[in-house]
Structures are given as C-alpha cells and as structure tokens.
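1. please work out how this folds:
(3 chains)
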Amino acid sequence: MAKPSTFANMVSTLLVICLASSAALGVAYELTKEPIAKAILAKKISAVEQVLPSFDNDPLEEASSVSVDEGVLVFYPAKKKGKFVGAAVETFTRKGFSGEIKLMVGLLPDGTINKIVVVQASETPGLGDKIAEEKSDFAKQFFGKDPSTFIMKVKKDGGSVDAITAATISSRAFCDAVTRAYDAYKRGFKR
Amino acid sequence: MEYILMIVAAVFVNNIVLTQFLGICPFLGVSKRLSTSLGMGGGVIFVMTLSTVMTYLAQKYVLVPLRIEFMQTIVYILVIAALVQMVEIILKKVSPALYQALGVYLPLITTNCTILGVAILVIRKDFNLIQSTVFAAANALGFTFALILFSGIRERLELLNVPEAMKGIPLALVLAGLLSLAFMGFSGIVR
Amino acid sequence: MSLWANFTKGFLKENPVFILVLGTCPALAVTTSVSNGIGMGLSTTFVLAMSNLVISALKNFIPDKVRIPCFIVVIASFVTIVDLVMAGFFQAIHAQLGIFIPLIVVNCIVLGRAEAFAAKNGLLASFVDGLGMGLGFTLALTIISFFREALGAGAFLGHKFIRGDGILVFVLAPGAFFVFGYVIAIVNRINKMASGGK
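-> Residues are numbered from 1 along each chain as shown, chains lettered A, B, ... in the order given. This is a model prediction of the structure:
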C-alpha cells in the first residue's frame, strides 16, 4: 500500500473505484440485456409449444393475464388457420414443499388437459421433483383427462390423482396449480 | 399467526445452516466453544436484521426505481460492510466489554454468507418489509440455535478418542450431517 | 516461488476447500451434480483470477484503511459480470446455481487470496495464484459432487447408470456434510502417508 490513508485519499480512491466498476457493470448489463431477455422468452415459447397441439399464430403476442386469488395467471391462446385450438396457461402454486411452483398447462377447447410442463420448481430432488414429466409418470396421469370427471385432488383427499410416494405435499401443490388454471379457463377465457 | 409459522419454519424446517448451507465457515470455525458461539450468534442476529431492512429499502427505493437491479450485489455488500463497520465503532464506545468478547468475529460477519444470502432471499421470495424483517430475525435465530446445539456437542467430543484423520473438521462435518438429518424430521410441520 | 509451483499449490498442498477449509458453503450447496460443481467452480475461478489481477494492479493506489471495501467492490463487479453472462448464455446452470452466484462475493477464498496474495504480489503471480486456487476449488467441488451424484442419484453428468433411485440422503443436506467430512478425512490420511506416516 503506497498511498497514505488520509481522509481525502480514502474517499477519492473509493469513489474512483466505485465509479469505474459502475461504468464497467453498466456496459456489461447493456451487452447482456438482449441475450437475457431472449433466453427468458425462448424458455416461455418452448413451454407453450410443449403443452399445445400444433398452431400457426404467436400465442405470446395474444397473451392476456387474469388476476386470481394469490397472483396472476397468463393465458397464451393458440390458433391454427384462425381457429382456436387451445390455450397454454402459466399457473402457479405457493403450496410447494420448497416454495413456489410454476406450471404451464395446455388446455384444449373442450376443457381437457393436453399436457403439463414444470416451468419452475425447487422441490426435493428424488422426491418432489418427480412432478416433472421426465422424472416419473406422475404428471402423465393428467394428460388427456377432463377435469370435470377427473377430480384433481390426491386420492388421500378423495380425488382421482395418484400422489408421488413420500411426496404428497408436492403432489397436492401440483393439483392446486392445475386446478387454478382450469378454473380460470372455465370461467370464460375462451375466445 | 403467519409470522409464528415463518419463525418456526426458519429455525427448524429450513434451518439456514443445516438445510440451506449458508454460514458454514463461521459455523465450523466458531462452534468449538459455547461462549464464542453465543457471541457470534448475538452479532449475527443484530447485523442480519438491520442489514436486511436496509438492503430491502435500498432495493425498493433506489435500485428498482432507477432500473439498476444489476447493481444489487455491489450495493448490498457495501451496505453490509458499512453496517458492520458502524456496529464495530458503536459497540466499542457503548459496550467495550461486549466488543472485546466478540473480538475478531465481528468483522468476520461481513463475509458471513448468511447475511448477504438472507438479504437476497427476501427479494427473491417477494416479501414486504415486515415479512423481510421477521424472516431475517428468524433465520438469525436459527443460525444461533444451530450454533449453540453444535458447540454443546463439540465441547464434549473433545474428550473422545477419535481416529487421527477424522479429528477436527471431518468429525464436525459428520456431526453436522447427523444434526441436519435430525432436523429433516421437522419437515412438513409447517403446512 | 516458481510460476508452476504457484499455479499448482491450489490443487493439493493448499487446496482451498480440503486443506484451508474455505469456500465451504458452495462446496456443500451446489455439489448435487457434477455439472453444477464444475459450473460453480469455473465461475469462481474467473472471479478469483480477474479480481486478483485487478487488485494487484491497483495495490499501490489503494490506501490501507479502505483496502477491504475497495477489494470488495472489485470482487463484486466481477461477480455481477459472471452473473449477467450466465443469465444470458448459460441459463440452465444459472438457474441451478441460483443464489450462490451472487454469494461468490462472500466466498472467503476470493477475499482471502486478495488480501493474502494479490495485495502483495505482482500482476502475473497474482493472476496465476487466483487461477490455481480457483481450479483447486473446482477440483474439490467436482470430487464432492461426483460422490454425491453417483451415490445419491446413480448418475454421472446427468446420465443414470442404475435403474430407479439412488441413496437419496446423498443429494440432500445431510449427505453433503457426510461426503465432505469423509473426503477431508481421506485427504488428511493421504497427506499423512505422503509425508512419511506415523
């Protein structure tokens, strides 16, 4: 340390370093702003594509959001040749074992569930994380089902859903999120 | 009521050291004696609660309005470092005895990942100011609790015959693992 | 110290995780899979090498009494850069590592090397020290996550080699502590045998 620790020196050095780093970070931020936004968008588009049958419009363009009890749901309508073929609903639940779980639920015009993917979750690996389609058949039991006959509660609670062994909380949370999406969808989003 | 649940969750279910893996360095370093553990715990409770409040305010009233959220890491760590400095100066004047007791552990609180970790967590979990404050205090309590439990056991381990390679840190880590396993028994009580 | 010795000391003799017992938080938290361990290790290596370099360059301009805040600002800047780059180009790992990326700034290894080495040594030596320590850190994380992923999930780099589940406890919190503790014990034993044994 060559510079003496006078008050002026200390303040000026700290100031210069802070300014230099703010400038450097500002540049880095500008450079990465687009890739970050693109990455988030790509993830969303991928989720929508995974849960819906083929479409030719841009569901993200025609997205609409609906406020529900604890938050906001986003609807991404899909059309083929102008005809409505289904909607992807970005839904959530706060009842996950490790916090919030976000799902993308694909619903067909007649109300049946097409597919569901997990968008965000941090459930226990090996247990709760089996709600993801790649990890077990839990999610698959929802596909193609009509919620008006397929009761979306775990069997323990009187429903039709086979919960994941030793991961009842995550299973229940999953049902909660899908129910939220379906209820809002039924309440009249169809366009 | 939700605050009581939050406190129980933070201290037992999601204990910051034993399940979230924050604060391991001071945990292993300070927990050899009960007295130092208490000192460190007290310091952390004070600094964590205060710094979470201040970083929260900085985030909501400076970073977000100015759209410079990417400066979060720098601003937060500077606020924490400044706070610890201030606490040191004030403590020296107000209670020299306590200052002496905490000794070198006070400046070490700056690099304690629990402080920065909790400050960032409350933003990610979307808490309001009151929730953040309670969350911070609860986690600091959980840290202190784990620390005291641990040091109580470690003080007795000193008297045992242990294989050479396991002495010290390895044994402490296996012990922490057993404690962590025990705490897993708490999971599910907050639902 | 020769450049080579400087570079390699972080691998075994002064391994930051197993010998110096620093940077333990990420060593336990992100080692659930080998890819996470390597990702964290390399990000930290970048921050270590770059901040060591910059701090060494600035060491004669920083008054002694404000050196820690200045070091912290430099380190935090590189951490933010890593965070932004990963969010833009490596989103999968970014999501997995989560809160532990900004926590690199309080990783005791980084501030420790800045204070102990970069503040007193030349540019190249400091850069090499940062690089070596960072790679040693990466090595440590890889070893721990190798055991945790193999025993806990029956996989390596995401590819399962058994059917069904592994021994779950190893990917959960307690398992991290156990693996870490036993690996340090083994490293201690190896060191003891290497230096003549008793």
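
2. from C:N36, how far off is B:V162?
-> According to CB to CB, to the nearest Å, B:V162 stands 32 Å off from C:N36. No exception for glycine: its C-beta is placed from N, CA and C like everyone else's.

3. is the helix or strand bottoming out on mean pLDDT in chain C anywhere near chain A?
-> Of all helical and strand segments in chain C, the minimum by mean pLDDT, DSSP states H and E falls on strand C:159-160, at a mean of 78. No: contact between strand C:159-160 and chain A is absent, the nearest approach being 10.8 Å (criterion: CB under 8 Å from any CB of the partner chain).

4. between B:V162 and C:N36, which one's more packed in?
-> Shown here are B:V162 and C:N36; by other CB atoms under 10 Å in any protein chain shown, C:N36 has more neighbours (21 against 12).

5. same for the host helix or strand of the more buried one, what does it pack against?
-> Using DSSP states H and E, the element containing C:N36 is helix C:34-58. Other helices and strands packing on helix C:34-58, by 3 or more CB pairs under 8 Å, 6 or more residues apart in numbering or on different chains; DSSP states H and E, are helix C:67-89, helix C:91-97, helix C:108-113, helix C:123-153.

6. nearest to chain A, out of the ones you listed?
-> helix C:67-89 (3.3 Å; CB to the nearest CB).

7. can you tell me the residue of chain B closest to chain A?
-> Of all residues in chain B, B:F70 sits closest to chain A, with a separation of 4.7 Å (CB to the nearest CB).

8. who touches that residue in this structure?
-> Counting by CB atoms under 8 Å, 6 or more residues apart in numbering or on different chains, B:F70 touches A:L25, A:A28, A:Y29, C:T80, C:D83, C:L84.

9. B:T36 versus that one, what's the distance?
-> Applying CB to CB, one obtains 38 Å for the distance of B:F70 from B:T36.

10. what about the helix holding C:N36, distance to the chain center?
-> Here the centre of helix C:34-58 is set off from its chain's centre by 8 Å, with CA atoms, centre = their mean, to the nearest Å.

11. with stretch C:27-46 instead?
-> Using CA atoms, centre = their mean, the distance from the centre of stretch C:27-46 to the centre of the chain it belongs to is 7 Å.

12. tell me the angle the helix holding C:N36 makes with helix C:123-153.
-> Here helix C:34-58 runs at an angle of 160 degrees relative to helix C:123-153 (axes from the mean of the first three to the mean of the last three CA atoms, to 10 degrees).

13. what's the angle between helix C:34-58 and helix C:67-89?
-> Between the axis of helix C:34-58 and that of helix C:67-89 there is an angle of 140 degrees, by the same axes, to 10 degrees.

14. so how far does stretch A:121-137 reach from one end to the other?
-> Looking at stretch A:121-137, the gap from its leading to its trailing residue is 17 Å under the measure CA to CA, to the nearest Å.

15. pLDDT weak spots in chain A?
-> When the per-residue scores of chain A are filtered using pLDDT under 70, the ranges that remain are A:1-2, A:125, A:189-191.

16. same thing but 80
-> Segments of chain A classed as low confidence (criterion: pLDDT under 80) are A:1-5, A:69-70, A:97-99, A:122-127, A:134, A:166, A:188-191.

17. contact residues of it facing chain B?
-> If contact is defined as CB under 8 Å from any CB, the residues of chain A in contact with chain B are A:S21, A:S22, A:L25, A:A28, A:Y29, A:K95, A:F97, A:G99, A:I169.

18. hmm, try it at 6 Å
-> Taking CB under 6 Å from any CB of the partner chain as the contact definition, chain A meets chain B at A:Y29.

19. next, the angle helix C:67-89 makes with the longest helix anywhere in chain A.
-> Of all segments of type helix in chain A, defined using DSSP state H, the longest is helix A:7-51. Direction vectors for helix A:7-51 and helix C:67-89, defined by the same axes, to 10 degrees, enclose an angle of 20 degrees.

20. so what does the very next helix or strand once past helix A:7-51 touch, helix or strand wise?
-> Going down the chain from helix A:7-51, the next helix or strand is strand A:64-68, by DSSP H and E. With contacts defined as 3 or more CB pairs under 6 Å, 6 or more residues apart in numbering or on different chains; DSSP states H and E, strand A:64-68 has these neighbours: strand A:71-80.

21. send the alpha carbons of the strand it packs on over as CSV?
-> The C-alpha coordinates for strand A:71-80 follow below in CSV (Å, rounded to 0.1, in the frame of the first residue of the first chain):
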residue,chain,number,x,y,z
GLY,A,71,-51.5,-13.8,-8.1
VAL,A,72,-51.7,-13.6,-11.8
LEU,A,73,-52.3,-16.2,-14.5
VAL,A,74,-51.2,-15.7,-18.1
PHE,A,75,-53.1,-17.2,-21.0
TYR,A,76,-51.4,-17.9,-24.3
PRO,A,77,-54.1,-18.7,-26.9
ALA,A,78,-53.1,-20.9,-29.9
LYS,A,79,-54.8,-20.9,-33.3
LYS,A,80,-54.5,-22.8,-36.4
